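Undergrad: sequence first, then the predicted structure:
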Amino acid sequence: MVVGTFVGILPGLAPSGTLAILLPLAVNLEPSTALIMMAGIYYGAKYGGSTTAILLNIPGESASVVTCLDGYELSKQGRAGPALGMAAIASFIAGTVGVVGVTFLAPVVAGFAVRMGPPEYAALMAFAFVLVVMLAGDSLLKGFISMALGLLLSTVGIDLFSGQQRYTFGAIELFGGIEFIALSIGLFAVAEVLVNVEQRLGHQLFTVPSKLRELLPNADDFRRSRVAIAQSSVVGFFIGVIPGAGSTVASFISYTIAKRFSKTPERFGHGAIEGVAAPEAANNSETGGALIPLFTLGIPGSSSTAIMLGALVLFGLNPGPLLFTENPEVVWPIIASMYLGNVALLVLNLPMVPLLAKILLIPYWVLYPGILVISIVGVYSVRSSFFDVWLLAAFGILGYVMKKTDIPAAPLLLAFVLGRIAENAIRQSMVLSNNDPTIFLTRPIAAVFLGMAVLLLLSLGIGNAQGVRREVMEVED
Amino acid sequence: MRHTYARRAGTIAAVLAVAIPLVACGEDGGSEASGSGEPNETEVVTHNEAGGGSDLFTRAIIEIMKDEDIISGNWPVANVPEGDSIGAMAYLVERQGSSDAIAQITPTWLVTPMTVDGEIPTLEDLTPIAELATEPMVVAVRADSPYENLQDFIDAAESDPNLVQVGGSTTATDSLTGTVLKQETGVDWKFLSFEDSGSRITAVLRGDADVMFGSPGDFTEQVRAGDMKVITVFGAEKIPLYEDAVTTDELGITPEVLPEQFRAIVGAPDMPQEAVDFYEQAFQELVESDGWASYAEENGAVTEYRDGEDFEVFLGEQRELYTTLIEQLGL
C-alpha cells in the first residue's frame, strides 16, 4: 500500500503499469495475499495521485486531472494543507462506500453492467457532453473551442471499424491515439510553468502556510464538502460498474454535478474545497464499482482490473460468473482487506500532509525545473517513448497559448476522453439499428440518460441564464 | 530585461540538462547481455495491453517455464500495444542483434502490416524461433439461443439480414473468418466491432449480438455458468473442451482457406544463433511439459511445435494464405 501511495505520487507511473510490473512477483505469493497486495497498490495509487495535482498542477494519473482545477488554485492561495487533507478524507469516505457497494450490491449491480450497450453509452456520453459545457468557464465560445480541439485530438489513431489511420502521419507512436498523460501534463503543469516563468511572478509564488491550523481542513470546509462527497461516492461507484467508462469519466462527471448543485458554482475553478472533494471521492468509490464486473462476470472494466484478472488466471482461478460461489476464500479476503486498506491509507496519508505541503517552500528556481523534470520523466516512463516527450513539449506550448487567450483546458481534456468512447458507441449503435437514430429512444436506459441530458440543457439554458450572467459579471468585476 | 531573459533561459537549459540524460539512460539499458546459455533477463514482447489474450498467454507460458525449471531468470513481459503489432515489431527492430528480446506472435503480426501503408517493420525483419500451438476458432451463442450449430445461424441470416456477429477490428481473425463465410455462402450478416473481448461477450449476453467467433478459452467461464454455449468448432477436429460442438467439416462448411489462430515465438532481428538455439530448446521443453499439457487442455490450444526451417516454411505458408485472403476480400 505504501508502494501504491508512492506510485500515485510519481506521475506517469499509473496504477495499471505498476500492477503489470509486479505481476510476476505476486505470482509467487499465496493467491489471496497477492491479490490483497495488488488491490492495496491499486488503492494506494488512487490516494496518492492527487498529491502532485494539488501541489504542483501535475496530474499524477489521468483521474487526477480534475483535482488540479481547484486543488492547485487552493495551493496558490496557501491552502494546500486543507486541500490534501480533504482529498484524503474524501477518498477514505468514498472508498469505503465503494467497498460497501461491492459487499452488498455486487450481484444486483452486475446486471446493470451487462445492460450497458452501445446506445446506452452513447446516451451517457451525450449527458456527459452537456456537463462539459458547464466546465466552459466564463465564455461559452471559448469552452466550445476547447471542446472542439479535444474532439479533434481524440480522433487521432487507427479507426476501430475500418482499420484506417487517422491523422497519424505514419508515426507508429500515434497508431494507438495520443497518450493522455502527455496531453494532460503538457496542458497543466508545463503550461503553468511557462506562464509563470514569463510573468516573473515567481519570486515566491505561494502563500506559505505558517500555522498548523491551516494544514488541515476546517469545519467550514467540511460543511461545504459533505454533499459533494456523498453525491460523488454514489456517482463514482455506478460509473465504476460500467465497463470502459473509468475513473477519469467518474471524476469529471461528479465534479460537474457538484458544481451544478452548488449554491456558489462561481467558486469552482477558483479554489473551491468541494472541487477537490468531489473528484477524489468519485475516483475512489469507482475502484469498488470497477471490481464488480471483474468478480461477477470475469470482465474487467479498466486496465487495472484487467491485470487483476490476469493475476486471477495465473493463480489457476476462473474469474467468471461462478467466482463468488466457487472461490469465496479468495474473493472475501480481498474485499475485507479493502475496508482495512482504506483506514490504513487515511492513517498513512493525513500525517504526511504537513510534510508534503512543505514542498511549496522550495524556491521557484528549484521548483520549476523540478516540475519540468518530474513531468518529462513521468511522461517518458509511461511507455518509454521519446516521442511522447516531444508531444509533452508541444502540448505545453498549446496549453501556454490557451492560458494566454483564456481558453480553459478542462473541456479539451474531457472531450478527448469522452470523444473516442462516444464515437465508437454511436457507430456501434448505428450498425445495430441500421442507421435508425430512434434506437436511442427505444432502449429504456438510453432514453433515461438522454432525458437527463435534455433536462440539464434546459436548466442551463433557461433557469440559469440569469445566474450565469450574474456569474460572468462578477468575474468581470 | 536582457538579464532576466538570460536567467530564464538558464533555468530552462538547466532543466533540459538534467532531464534529457536522465531519460536517455533508460533507452538502451538491458540489451547488452549476450553470450551462451540462458540470457540474464529475456524480455518477452506482446502486442496486447496487460490483461489481453496474448498478454495472458505470454505470462502463462513464462510461469510454466519457471515452474518446470526450464528457465531460471525473471522474464519480464513488455506490453507494446501501439498499432496492433506494428509498434511491437518496431520495438524489436530497435533491439537488432540482441539475444534477450523475443515476442509471442499471432496472425495479427502478419496481417496488420499488409493493411497499413508506409515504411513499417514486418515479420520478415525478425528472427523466427518456433511455433507452439494453434487455437481453433469456435462459435459461441447465448445459452438460450435457438441455434444448435453454425449452419442454423447461417440459415437464419439468410432470411434475416439483421443478425449480428460481434468481434474485433476488420483485420482480426474472427472478422476475416466471418468474411470468408459470407463469401462462401453468399449470405450476409452484420459485424459489430468492440476493442476488447469482455465487451463482445456482454454484447452477446445482452442480446445485441447473435453470435461470436473466438478462441476456445474466451468462453470457458460463461459456458460453465450456463450463460453461453459453444456450438461449432472451425476445422476438422473436435476439441475436448467442448465435446458437444460439431466441426465445420461435419457441417459441410469447407472454404478453401480458413484463417487459423497460431501462437509462435520470434526474436529480435539478427539474433545470434546460440541464442536462437537456446530458445528453441527451451520452448520445445515447454510444449513437452505437464504444465503446458494441462494449460493447453483448459484453453483449447492444440500443440503444434515447429522450429528451424519447418517454422520458416510454416510462416511462409501462413503469409501466403493471408495475402490471398486480404486480396480476395479487398481489404
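TA: Nice, thanks for sending it over. Residues are numbered from 1 along each chain as shown, chains lettered A, B, ... in the order given.
Undergrad: so residue A:277 makes contact with residue A:88?
TA: No. Applying Cβ atoms under 8 Å as the test, residue A:277 and residue A:88 come out as separate, 10.4 Å apart. Where C-beta positions appear, they are placed from N, C-alpha and C, glycine not excepted.
Undergrad: of these two, who's got more company?
TA: Of the pair residue A:277 and residue A:88, residue A:277 is the one with more neighbours under other Cβ atoms under 10 Å in any protein chain shown, namely 35 against 25.
Undergrad: helix/strand/coil for the residue of the stretch 151-300 of chain B found nearest chain A?
TA: When distances are taken as Cβ to the nearest Cβ, the stretch 151-300 of chain B reaches nearest to chain A at residue B:221, 2.5 Å away. Three-state call for residue B:221 (DSSP: H, G, I helix; E, B strand; the rest coil): helix.
Undergrad: which element, helix or strand, includes the nearest residue to it once chain neighbours are set aside?
TA: In this structure, residue B:221 finds its nearest non-sequential neighbour in residue A:320, 2.5 Å apart by Cβ to Cβ, 6 or more residues apart in numbering or on different chains. Per DSSP states H and E: residue A:320 is located in neither a helix nor a strand.
Undergrad: how about residue B:133, phi and psi?
TA: Torsion angles at residue B:133 (phi, psi; degrees, to the nearest 10) stand at phi -160, psi 160.
Undergrad: please disregard the earlier target; I meant residue B:190.
TA: Here the main-chain torsion angles of residue B:190 (degrees, to the nearest 10) amount to phi -90, psi 150.
Undergrad: please apply the same query to residue A:320.
TA: Dihedral angles (degrees, to the nearest 10) for residue A:320: phi -170, psi -170.
Undergrad: what sits against it?
TA: Residue A:320 sits next to A:297, A:298, B:220, B:221, B:222, B:224, B:225 when contact means Cβ atoms under 8 Å, 6 or more residues apart in numbering or on different chains.
Undergrad: PyMOL command for the buried members of the residues you listed?
TA: Only the buried entries of these go into this PyMOL selection, using 16 or more other Cβ atoms under 10 Å in any protein chain shown:
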select buried, (chain A and resi 297+298) or (chain B and resi 220+221+222+225)
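Undergrad: may I see the contacts of residue A:320 organised as JSON lines, with pLDDT and distance to residue B:171 added?
TA: What follows is the contacts of residue A:320, written out as JSON lines (pLDDT from 0 to 100; distance: Cβ to Cβ, whole Å):
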{"residue": "A:297", "pLDDT": "87", "distance to residue B:171": "28"}
{"residue": "A:298", "pLDDT": "86", "distance to residue B:171": "26"}
{"residue": "B:220", "pLDDT": "90", "distance to residue B:171": "26"}
{"residue": "B:221", "pLDDT": "90", "distance to residue B:171": "27"}
{"residue": "B:222", "pLDDT": "93", "distance to residue B:171": "26"}
{"residue": "B:224", "pLDDT": "92", "distance to residue B:171": "31"}
{"residue": "B:225", "pLDDT": "93", "distance to residue B:171": "31"}
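Undergrad: what about the strands in the stretch 101-250 of chain A?
TA: With DSSP state E, counting those that start in this stretch as the criterion, the stretch 101-250 of chain A has strands at A:157-158, A:165-166.
Undergrad: got a list of contacts for the first one?
TA: It refers to strand A:157-158. Counting by Cβ under 8 Å, 6+ apart, residues outside strand A:157-158 touching it are A:164, A:165, A:166, A:168, A:174, A:175, A:176, A:177, A:178, B:83, B:84, B:169.
Undergrad: give the partner strands of it in its sheet and their orientations.
TA: Sheet pairing for strand A:157-158, assigned by DSSP bridges, gives strand A:165-166 (antiparallel).
Undergrad: how far off centre is the partner strand?
TA: Chain-centre distance of strand A:165-166: 27 Å, with Cα atoms, centre = their mean, to the nearest Å.
Undergrad: quick check: residues of the stretch 251-400 of chain A near chain B?
TA: Counting by Cβ under 8 Å from any Cβ of the partner chain, the stretch 251-400 of chain A comes close to chain B at A:293, A:297-300, A:303, A:305-307, A:309-310, A:313-314, A:318-322, A:365, A:368-369, A:372-373, A:376-377, A:380-381, A:383-384, A:386, A:389.
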